[in-house]
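Visitor: Here's a sequence, model it:
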Amino acid sequence: MKKKALGILVGVAVLIGAGAWHFTHKPAEGQGAGKSGANAMGQGPTTVNVVAPVRQDVPVLLQANGTVSPISTVDLHPQTTSTIAKVHVKEGQFVKEGELMFSLDARSEAANLDKAEAQVAKDRATLADLERQYKRSQELLNQKFIAQGAVDTLKSQVEGARATLDADIAAARAQKVSQSYTVIRAPMAGRVGAINVYPGSLVQLSTSLAVITQLNPINVAFTLPESSLAALLDAQRAGKVAVQVFQNNSSQPIDGQLSFIDNTVDPVAGVIRVKAQFDNRDTRLWPGQYVNTKLTVQTLKDALVVPQNAIITNTRGTFVYTVASDNTAAVVNVQRLHAFGTQAAVTGLKGDEKIIVEGKQNLRPGGKIRIADAAGAKHGGAKGAHPGQAPGQQQKGKAE
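Guide: Numbers count the residues shown, from 1 in each chain. Model prediction:
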């Protein structure tokens, strides 16, 4: 009986001790849970960095890789079979229009021309004699010494001689054209390429003598996406369109103007071919050279510019976070007009907002924010750090 009573007393003591332990530790656990829940719900302010939008003129640029191409190139060929008598130019020489370049052996053509001119002289003498006879026959006919038939015969002979003279004059002119083929002149101003013949070389119609390339002015050909066609045509209708080219990553541009927009869009690549013309008196541009081109289609006057990393695009649209008067995050819808580098011109802002650029990934509309002091955060983080310990690790320990 005593053992049973003792067991009951021990059990009651255990229960009393367990209850005391439970009530002693419960408030502390509740406080820890409440603190963890507050952190998990993100009730504290979010640290952010902000910038102010900038007003400036923003040129709308289209950029592409282009190829320098001459406006005209002529491959010189002889128009007769002959031999080269003399080469009057050198490789790489700049020539003017009409400048003598090659002389061919012209002895045969000169002889043929002399023969044709002699035949013309003979025809003139024959025609003059027949005209005198015809004139005398008319006088004799008036005096009734000869018949009308004799006069008509002389008249037909005069007309035949005159036709023969005209034919021989035309043959002489043709011979002069043939003789002109023995002298080859520059059809335009340009630079002479490689010369493939020498004095004494036999040339035919298929023989290439040299190539003349026009270097001033010169074209740059490039392609642009078809999405830029409307802006390109609008800029062309508005006036001259400025184009700049850069060589080998050079910062010094060469200025020109848009000169050609193709009449079709390539359906396979989805691009439109365009050309720009440049003054090339200093021969900075060379045919076949690759260059970078920039085309200004319009200028956005007094546009608001913000960093591109401040712009958020999702299913709700395009917007930025700004700092409201009560230090909360406010959503402002914007429209991106033109992006260039790390910046973008937008509409939808007044210009006096504080745009959040860093920390926005943790924001919700209406959430509390704290603007970071970059200098203070930098000095504070470095000040309390122990050797061999990152500042972030020390801050984490303090929070815990």
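Visitor: The helix or strand where residue 295 lies packs against which elements?
Guide: Remark: residue 295 resides in strand 290-307, with elements defined by DSSP states H and E. With contacts taken as 3 or more Cβ pairs under 8 Å, 6 or more residues apart in numbering; DSSP states H and E, strand 290-307 sits against strand 54-70, strand 218-225, helix 229-238, strand 242-246, strand 271-278, strand 335-340, strand 343-347, strand 355-358. Where C-beta positions appear, they are placed from N, C-alpha and C, glycine not excepted.
Visitor: Strand 54-70 and the fourth one, what's the angle between them?
Guide: Note on geometry: by axes from the mean of the first three to the mean of the last three Cα atoms, to 10 degrees, strand 242-246 and strand 54-70 are set 70 degrees apart in direction.
Visitor: List the buried residues for strand 242-246?
Guide: 242-245 (16 or more other Cβ atoms under 10 Å).
Visitor: how close does residue 151 sit to residue 145?
Guide: 11 Å (Cβ to Cβ, to the nearest Å).
Visitor: on that earlier part again, so which bits of the strand holding residue 295 are buried?
Guide: 291-293, 295, 297, 300, 303-307.
Visitor: Tally up the residues packed near residue 194, please.
Guide: 9 (other Cβ atoms under 10 Å).
Visitor: Then residue 220?
Guide: 24.
Visitor: still on that earlier bit, who has more neighbours out of residue 151 and residue 145?
Guide: Regarding residue 151 and residue 145, a neighbour count based on other Cβ under 10 Å identifies residue 151 as having more, with 16 against 10.
Visitor: Now do the same contact list for the more buried one.
Guide: 134, 137-138, 141 (Cβ atoms under 8 Å, 6 or more residues apart in numbering).
Visitor: host element of it?
Guide: Here residue 151 is assigned to helix 148-180, by DSSP H and E.
Visitor: Could I get the contacting residues of the residue nearest to residue 91 when sequence neighbours are not counted?
Guide: Spatial nearest neighbour of residue 91, excluding adjacent residues (Cβ to Cβ, 6 or more residues apart in numbering): residue 195 at 5.2 Å. Contact analysis of residue 195 by Cβ under 8 Å, 6+ apart lists 87, 89-91, 209-210.
Visitor: cool, and residue 223?
Guide: 64, 266, 269, 271-274.
Visitor: Drop anything exposed from the residues you listed.
Guide: Buried among the contacts of residue 223 (16+ other Cβ under 10 Å): 64, 271-274.
Visitor: can you tell me which of those residues lies nearest to residue 76?
Guide: Taking Cβ to Cβ as the measure, residue 76 lies nearest residue 273 of these, at 28.6 Å.
Visitor: Would you check that the closest one makes contact with residue 220?
Guide: No - using Cβ atoms under 8 Å, residue 273 is not in contact with residue 220; the gap is 11.7 Å.
Visitor: Just the CA trace of the helix or strand residue 86 falls within, in CSV.
Guide: Residue 86 belongs to strand 82-87 when assigned by DSSP H and E. Only the C-alpha atoms of strand 82-87 are listed here, as CSV (Å, rounded to 0.1, in the frame of the first residue of the first chain):
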residue,chain,number,x,y,z
SER,A,82,46.1,44.3,-132.9
THR,A,83,49.3,44.6,-131.0
ILE,A,84,50.2,47.1,-128.2
ALA,A,85,52.3,49.9,-129.5
LYS,A,86,52.7,51.8,-126.3
VAL,A,87,51.4,51.9,-122.7
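Visitor: Throw the buried residues of strand 290-307 into a markdown table and include pLDDT, thanks.
Guide: Shown next, in a markdown table, are the buried residues of strand 290-307 (pLDDT from 0 to 100):
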| residue | pLDDT |
| --- | --- |
| 291 | 94 |
| 292 | 93 |
| 293 | 93 |
| 295 | 89 |
| 297 | 86 |
| 300 | 87 |
| 303 | 91 |
| 304 | 91 |
| 305 | 93 |
| 306 | 93 |
| 307 | 93 |
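Visitor: farthest pair in these?
Guide: Spatially, the most separated pair among these is 291 and 304, at 32.9 Å (Cβ to Cβ).
Visitor: Got the confidence number for the nearest residue to residue 362 once chain neighbours are set aside?
Guide: Using Cβ to Cβ, 6+ apart and skipping the chain neighbours, the partner closest in space to residue 362 is residue 46 (5.0 Å). Looking at residue 46, its pLDDT reads 84.
Visitor: what's the offset of stretch 321-333 from the middle of its chain?
Guide: Relative to the centre of its chain, stretch 321-333 is centred 41 Å away, using Cα atoms, centre = their mean, to the nearest Å.
Visitor: One more: stretch 277-293?
Guide: 13 Å.
Visitor: Flag every buried residue along it.
Guide: 277-278, 280, 284-285, 289, 291-293.
Visitor: Turn those into CSV, including distance to residue 256.
Guide: Shown next, in CSV, are these (distance: Cβ to Cβ, whole Å):
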residue, distance to residue 256
277, 6
278, 4
280, 9
284, 11
285, 9
289, 14
291, 11
292, 13
293, 9
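Visitor: what about the closest residue to residue 359 other than its chain neighbours, which helix or strand?
Guide: Once flanking residues are discounted, residue 359 sits nearest to residue 48: 3.6 Å by Cβ to Cβ, 6+ apart. Residue 48 is part of strand 46-51, with elements assigned from DSSP H and E.
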